[in-house]
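>>> Predicted model follows, preceded by the sequence.
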Amino acid sequence: MVDVKSICCIGAGYVGGPTCAVIAYKCHNIKVTIVDLNQARIDAWNSDKLPIYEPGLEEVVFDRRGKNLFFTTDVDAAIEEADLIFVSVNTPTKKTGMGAGMAADLAYIEGATRRIAEVATRSKIVVEKSTVPCRTAESMRTILEANSTGSIHFDILSNPEFLAEGTAIKDLLNPDRVLIGALQTPEGISAQKSLAAVYQNWVPEDRVITTNLWSSELSKLAANALLAQRISSINALSAICEATGADVDEVAYACGRDSRLGSKFLKASVGFGGSCFQKDILNLVYLSQQLNLPEVADYWQQVVIMNEYQKKRFVRKIISTLFNTITNKRIAVLGFAFKKDTGDTRESAAITLIKDFIDENAHVAIYDPKVEHEQIYMDLAEPGVVDNRKQLEKRISICADAYEACKGADAVVIVTEWDEFKSDQLDYQRIYDNMHKPAFLFDGRLLLDAAQIRAIGFKVHIIGKNELAGTA
Ligand SMILES: NC(=O)C1=CN([C@@H]2O[C@H](COP(=O)(O)OP(=O)(O)OC[C@H]3O[C@@H](n4cnc5c(N)ncnc54)[C@H](O)[C@@H]3O)[C@@H](O)[C@H]2O)C=CC1
Ligand SMILES: O=C(O)[C@H]1O[C@H](OP(=O)(O)OP(=O)(O)OC[C@H]2O[C@@H](n3ccc(=O)[nH]c3=O)[C@H](O)[C@@H]2O)[C@H](O)[C@@H](O)[C@@H]1O
């Protein structure tokens with residue numbers, strides 16, 4: 001077993017940054033160096049304004065930075081110094097070539113692995129932290145072994161990350177479980193124990209689960225698929241609720257009280273977003289196809305199909321309610337991030353919705369408390385449609401607060417569940433007074449008290465609720 005004294009993390013993103021900052025925070029005797037090829041990102045990690053917004057992250061980073069936590073682009077030096085290396089690079093869906101639109105692009109994993117093989121002059125434990133298809137560790141081991149010389153030995157572990165954005169620090173400080181997969185050889189098991197010992201500095205022993213490598217890799221894809229499946233299930237039910245007068249919140253509560261089902265992750269919404277759910281399910285679909293399991297592939301694919309349906313269904317509802325046209329109407333979109341408490345916009349439902357509104361020739365006024373304006377322009381630019389900034393600026397306005405976005409609007413659409421949009425936080429009377437009449441409000445997050453908002457005069461549509469319910 002190796003007594004880990006020095007850790008390198010390759011990839012200073014949403015996972016590598018917070019995960020390894022928490023290790024430094026909890027293990028003062030371990031030197032943690034987080035590296036990235038992206039100089040701007042590393043500069044931001046070394047500045048007062050960190051590159052990602054995550055509650056509690058600043059406290060952790062500012063406490064340990066310069067002591068046992070370092071951020072640098074000097075990848076080779078950090079690899080060389082480390083006993084243990086986390087590979088936490090991006091694994092996006094492939095855009096071209098075999099498996100395009102489904103399979104994970106493993107080029108960054110391979111690049112980082114080859115770098116380790118080139119630079120290392122002594123044995124290392126290499127930990128797959130990124131989410132990868134089942135058996136990727138085998139490819140990493142083959143590359144490392146083929147490129148290593150003499151007495152250097154590499155142990156590969158799988159240690160997938162389960163944090164959710166917006167609660168990353170909380171999740172890392174108090175995880176439900178830490179999963180470590182290893183080859184079940186004496187060396188593999190010893191490496192597994194070395195990494196377990198790092199986590200056991202703050203995670204209770206019974207929450208550190210050890211499995212074989214392939215179970216660990218597949219468990220990560222499985223966990224995300226099961227979570228996303230719950231959202232698609234409740235969203236499918238939300239359509240039935242709207243058509244029947246059942247209330248999706250009441251249905252979710254009634255079902256969630258069954259201890260076999262549990263109450264979490266049953267919030268109907270305008271559709272799940274984020275960089276991982278769709279990517280990881282498609283990855284699982286591709287894996288199933290490759291394994292010649294078409295029924296299994298179709299089963300998981302349906303979770304993504306339902307998510308797309310939910311977004312389109314919401315857009316259709318908005319357009320039909322606004323008398324079948326939103327041309328030249330002002331639509332205020334509250335929230336652009338894929339969920340609250342993050343500035344991350346990857347795969348956010350807001351992007352799909354707003355592009356559809358633009359296609360219908362509406363003017364879209366957007367407000368989000370944490371997303372950078374430049375990011376919104378980047379996400380909405382679409383070659384051939386609104387491919388330059390000037391064109392886009394004519395179609396959207398990015399506003400400083402919700403009141404500015406809603407001023408003169410025909411409809412307000414709540415897309416992200418930020419606390420500041422709740423009925424008791426925002427002055428909806430003031431918003432109503434400054435809107436075109438009839439003033440429509442579409443709540444894609446079940447955030448508002450419908451009766452209260454209707455009493456002001458708004459025409460309200462809430463996902464999973466039928467306007468006429470209770471009146472029949
Ligand atoms: N974002 C999330 O909440 C979660 C993500 N994951 C998984 O973790 C992995 C990383 O995700 P994120 O942190 O969100 O990605 P990210 O895109 O924010 O960060 C990845 C970083 O790796 C860097 N990088 C790529 N190749 C490199 C190389 N050869 N050397 C040095 N740096 C390199 C990139 O410049 C980038 O800054 C993905 O596999 C993702 O599926 C897992 C759990 C949660
Ligand atoms: O692999 C990953 O990247 C991570 O993906 C998700 O985390 P994340 O995407 O950050 O956030 P979630 O809280 O899971 O939310 C994902 C999306 O589902 C939506 N959601 C979530 C819960 C719910 O009940 N309803 C619902 O619509 C959210 O608004 C958001 O758009 C998982 O929760 C993490 O465990 C996992 O590590």
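Received the coordinates, thanks. Remember, predicted model here, so these are calculated numbers, not experimental data. Ligands and ions are numbered 1, 2, ... in the order given.

>>> So what are the structural domains in this protein, by residue number?
Using automatic domain parsing, the domain parsing of the chain gives 6-203, 234-462.

>>> With distance to ligand 2, mean neighbour count and mean pLDDT as added columns, please give these in a markdown table.
In this view, the C-beta of every residue, glycine as well, is placed from N, C-alpha and C. Converted to a markdown table, the domains of the chain look like this (distance: least, C-beta to the nearest ligand atom, whole Å; neighbours: other C-beta atoms under 10 Å; pLDDT from 0 to 100):
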| stretch | distance to ligand 2 | mean neighbour count | mean pLDDT |
| --- | --- | --- | --- |
| domain 6-203 | 3 | 19 | 96 |
| domain 234-462 | 3 | 19 | 96 |
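
>>> I'd like to know which of those is closest to ligand 1.
domain 6-203 (1.9 Å; C-beta to the nearest ligand atom).

>>> still on that earlier bit, I'd like the domains of the chain as a markdown table, with distance to ligand 1 appended.
Output for these, formatted as a markdown table (distance: least, C-beta to the nearest ligand atom, whole Å):
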| stretch | distance to ligand 1 |
| --- | --- |
| domain 6-203 | 2 |
| domain 234-462 | 5 |
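
>>> mind putting those in a markdown table, distance to residue 216 included?
A markdown table is the format used below for the domains of the chain (distance: least, C-beta to C-beta, whole Å):
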| stretch | distance to residue 216 |
| --- | --- |
| domain 6-203 | 2 |
| domain 234-462 | 14 |
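
>>> For residue 223, find the nearest of these.
Within the domains of the chain, the stretch nearest residue 223 is domain 6-203; the backing value is 6.5 Å (C-beta to C-beta).

>>> Can you get me the start-to-end distance on the closest one?
Start-to-end span of domain 6-203 (C-alpha to C-alpha, to the nearest Å) is 19 Å.

>>> And stretch 408-428, by the same measure?
Chord length of stretch 408-428, first to last residue, is 14 Å (C-alpha to C-alpha).

>>> what do you get for stretch 442-451?
Counting by C-alpha to C-alpha, you get 14 Å between the two ends of stretch 442-451.

>>> Likewise for stretch 68-82?
Across stretch 68-82, first to last residue, C-alpha to C-alpha, it's 13 Å.

>>> Stretch 52-66 now?
With C-alpha to C-alpha as the measure, stretch 52-66 spans 19 Å from end to end.

>>> I would like the residues contacting it, please.
13-14, 17-18, 21-22, 24-25, 28, 32, 45-46, 50, 69, 71, 165-170, 341-344, 370 (C-beta atoms under 8 Å, 6 or more residues apart in numbering).

>>> Among the residues you listed, which are located in strands?
32, 69, 71 (DSSP state E).

>>> my read is residue 332 is in a strand, agree?
Yes. Membership of residue 332 in a strand is supported by DSSP: H, G, I helix; E, B strand; the rest coil.

>>> Just give the nearest non-adjacent residue to residue 434, would you?
residue 407 (4.8 Å; C-beta to C-beta, 6 or more residues apart in numbering).

>>> What of residue 160?
Spatial nearest neighbour of residue 160, chain neighbours left out: residue 220 (3.5 Å); criterion: C-beta to C-beta, 6+ apart.

>>> Then residue 33?
Nearest non-adjacent residue to residue 33, counting by C-beta to C-beta, 6+ apart: residue 78, 4.1 Å away.

>>> Who are the contact partners of that neighbour?
8, 33, 35, 70, 72.

>>> most residues in a single helix of this structure, which one?
Across the chain, the longest stretch assigned as helix under DSSP state H is helix 213-244.

>>> and stretch 408-416, how far apart are its ends?
Stretch 408-416 end-to-end distance (C-alpha to C-alpha) = 21 Å.
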